[in-house]
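Novice: coords please:
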Amino acid sequence: MGFLDRLAALFGLKKKEAHVLCIGLDNSGKTTIINRLKPEKLQVMDIVPTIGFSVEKFAMSNLKFTVFDMSGQGRYRNLWEHYYKDAQAIIFVIDSSDKLRLVVAKDELNLLLGHDSIKVRRLPILFYANKMDCKEALSAVKVATLMGLEQIKNKPWHICASNALTGEGLQEGVDWLSDQFS
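Specialist: So this is what the prediction gives:
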């Protein structure tokens, strides 16, 4: 660590690092959200479905993020648990316009919350009720109710209505997540 790094750390100016796991069912908008959170010059124009996982690093607010974007396809969801122990926060993306698959998303959330590496930790969970631009989208409050989020008592959590295409609601979530690390 150089002199300036030590000086910045001494005065609390050094950015904290956070390892964040971004999960949710396929086609919920995880990769698009992560892309929108990156600085504009690092954003890509064409988003393709994630196969397996990808890792993105960027700084925002007072945090340096290392985000593990996990594929939400059924055959890849068993990979999620391999990243639980190193995660310091979770972003769980929900397609608020896909009412039929909310049950599957809730089941995956319950598996996550019951996992040995997660259930004993006070890990912050940010939920994005994504795709609010769709006419059939449920409100964030309705998504929270259907997902049973009020049952989560041992972890701080927050839900934001979002539209990954426009970036609406994303900053609110990042601000909440940043506050959890303060």
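
Novice: Could you say which helix or strand holds Leu146?
Specialist: Secondary structure from DSSP states H and E places Leu146 in helix 140-147.

Novice: Run through who's touching that helix.
Specialist: Under the contact criterion C-beta atoms under 8 Å, 6 or more residues apart in numbering, helix 140-147 has outside partners 94, 96, 102, 105-106, 109, 127, 129, 132, 138, 150, 159-161. Every C-beta, even on glycine, is put in place using the N, C-alpha and C of the backbone.

Novice: May I have the strands that pair with whatever helix or strand comes next after that helix, each with its orientation?
Specialist: Downstream of helix 140-147, the next assigned helix or strand under DSSP H and E is strand 157-161. The sheet places strand 157-161 alongside strand 125-130 (parallel), with pairing taken from DSSP bridges.

Novice: any idea of the angle the strand it pairs with forms with helix 140-147?
Specialist: Interaxial angle, strand 125-130 versus helix 140-147 (axes from the mean of the first three to the mean of the last three C-alpha atoms, to 10 degrees): 120 degrees.

Novice: where does the residue nearest to Leu21 when sequence neighbours are not counted fall, helix, sheet strand or coil?
Specialist: Spatial nearest neighbour of Leu21, excluding adjacent residues (C-beta to C-beta, 6 or more residues apart in numbering): Ala87 at 4.1 Å. Judged by DSSP: H, G, I helix; E, B strand; the rest coil, the three-state class of Ala87 is coil.

Novice: Contact partners for Ala87?
Specialist: Neighbouring residues of Ala87 by C-beta under 8 Å, 6+ apart: His19, Val20, Leu21, Phe68, Leu123.

Novice: Please identify the helix or strand for the third one.
Specialist: Following DSSP H and E, the helix or strand that holds Leu21 is strand 16-24.

Novice: That strand: what's the following helix or strand?
Specialist: The first helix or strand that comes after strand 16-24 along the chain, using DSSP H and E, is helix 30-37.

Novice: Now that following helix: average pLDDT?
Specialist: Helix 30-37 carries an average pLDDT of 87.

Novice: What of stretch 57-64?
Specialist: Throughout stretch 57-64, pLDDT has a mean value of 72.

Novice: coming back round to it: just the buried ones from the contacts of helix 140-147?
Specialist: Buried residues within those, counting neighbours by 16 or more other C-beta atoms under 10 Å: 94, 96, 102, 105-106, 109, 127, 129, 132, 138, 159-161.

Novice: Go through those and say which is closest to His115.
Specialist: Nearest to His115, judged by C-beta to C-beta, of the buried ones among the contacts of helix 140-147 is Leu109 at 10.9 Å.
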